[in-house]
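Visitor: Could you look at this predicted model? Sequence included:
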Amino acid sequence: MKKWLYLMAVITLLFFIAACGEDNEQTDAPDTGDNQTSTEQGANSDETEESEEDGESEMVTVSMMDGEGEEIGEAELIEQDSGVLIYLEASKLPEGERGFHIHESGLCEGPDFKSAGDHFNPTNVSHGTESEDGPHAGDLPNLEVEEDGSVEQEITAEEVTLASGEDHSLLDEDGTALVVHGEADDNESQPAGDAGDRIACGEINEED
């Protein structure tokens, strides 16, 4: 009888040891799902840091001012594969079609904003989509201003970039500017589409 009890105790002990061994193997097994996620997150973080080191700005915010120096709206410029997306939201503008361009200097001194220079035109071509060798890189579609003087519009400027140091960069040494004109751009007349006076301006410069 004692031998039988002893044998049962030994068998129970062996089962207990085997069960503990299986638990340890499961605990020691690598959690590939979590590790993979962490690795991917780290890689994405590294890519973002490399992009910043390369001088690429993914978004720039521009304050739009009228000739009296009052802020009338804001534009967000976002780097995309197709160019730079410009999302403009402004008010207190004359109703109807208004010319809208990127100008070559990031300096908006009212009331006439001539300080912004000519259209942004790094390839030295003619103005307008209707000209034979146009348009300028800074030529944009006309704005459609509502009866209450407000405008909310998205436009993609395909020939420019926010990457510093690149060709056609809006963030060169002296920056560039967004300008709204008092008349519609006819997309043909030289050198600026007969769009009239400059009635609003926003400086495009590197953000601190």
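Guide: All right, it came through fine.
Visitor: which stretches of this structure have low pLDDT?
Guide: For the chain, the stretches flagged by pLDDT under 70 are 1-57, 207-208.
Visitor: Where do the strands of it begin and end?
Guide: 59-66, 71-80, 83-90, 96-98, 100-103, 143-145, 151-157, 176-181, 198-204 (DSSP state E).
Visitor: quick one: stretch 144-152 to chain centroid distance?
Guide: 24 Å (C-alpha atoms, centre = their mean, to the nearest Å).
Visitor: in that stretch, what counts as buried?
Guide: Applying a neighbour-count criterion of 16 or more other C-beta atoms under 10 Å, one finds 145, 151 buried in stretch 144-152. All C-beta atoms are positioned from the backbone trio N, CA, C, and that covers glycine.
Visitor: Alpha carbons of that stretch, in PDB - could you do that?
Guide: The C-alpha coordinates for stretch 144-152 follow below in PDB (Å, rounded to 0.1, in the frame of the first residue of the first chain):
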ATOM      1  CA  GLU A 144     -15.500  83.200 -56.200                       C
ATOM      2  CA  VAL A 145     -16.500  85.700 -53.400                       C
ATOM      3  CA  GLU A 146     -20.000  85.400 -52.000                       C
ATOM      4  CA  GLU A 147     -22.500  88.200 -51.700                       C
ATOM      5  CA  ASP A 148     -21.600  88.700 -48.000                       C
ATOM      6  CA  GLY A 149     -17.900  89.200 -49.000                       C
ATOM      7  CA  SER A 150     -16.800  85.800 -47.800                       C
ATOM      8  CA  VAL A 151     -14.800  83.100 -49.600                       C
ATOM      9  CA  GLU A 152     -13.900  79.500 -48.700                       C
END
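Visitor: Distance check, the residue positioned nearest the centre of the chain against residue 143.
Guide: The chain has residue 78 as the residue nearest its centroid, 1.8 Å off, counting by C-alpha atoms, centre = their mean. Distance of residue 78 to residue 143, given as C-beta to C-beta, to the nearest Å: 18 Å.
Visitor: One more: residue 199?
Guide: Separation of residue 199 from residue 143 (C-beta to C-beta) stands at 11 Å.
Visitor: Can you work out which residues contact both of these two?
Guide: Here residue 199 and residue 143 have 93, 98, 180 as joint contacts, going by C-beta atoms under 8 Å, 6 or more residues apart in numbering.
Visitor: Show me what the residue nearest to the last one when sequence neighbours are not counted is bridged to.
Guide: Distance criterion C-beta to C-beta, 6 or more residues apart in numbering; nearest residue to residue 180, sequence neighbours excluded, is residue 200 at 4.0 Å. Beta-bridge partners of residue 200, counted by DSSP bridges, are residue 66, residue 180.
Visitor: wait, isn't residue 200 in contact with residue 64?
Guide: Yes. If you go by C-beta atoms under 8 Å, residue 200 and residue 64 touch, sitting 5.3 Å apart.
Visitor: Look at these two and report which has more neighbours.
Guide: Between residue 200 and residue 64, counted using other C-beta atoms under 10 Å, the more crowded position is residue 200 (27 against 24).
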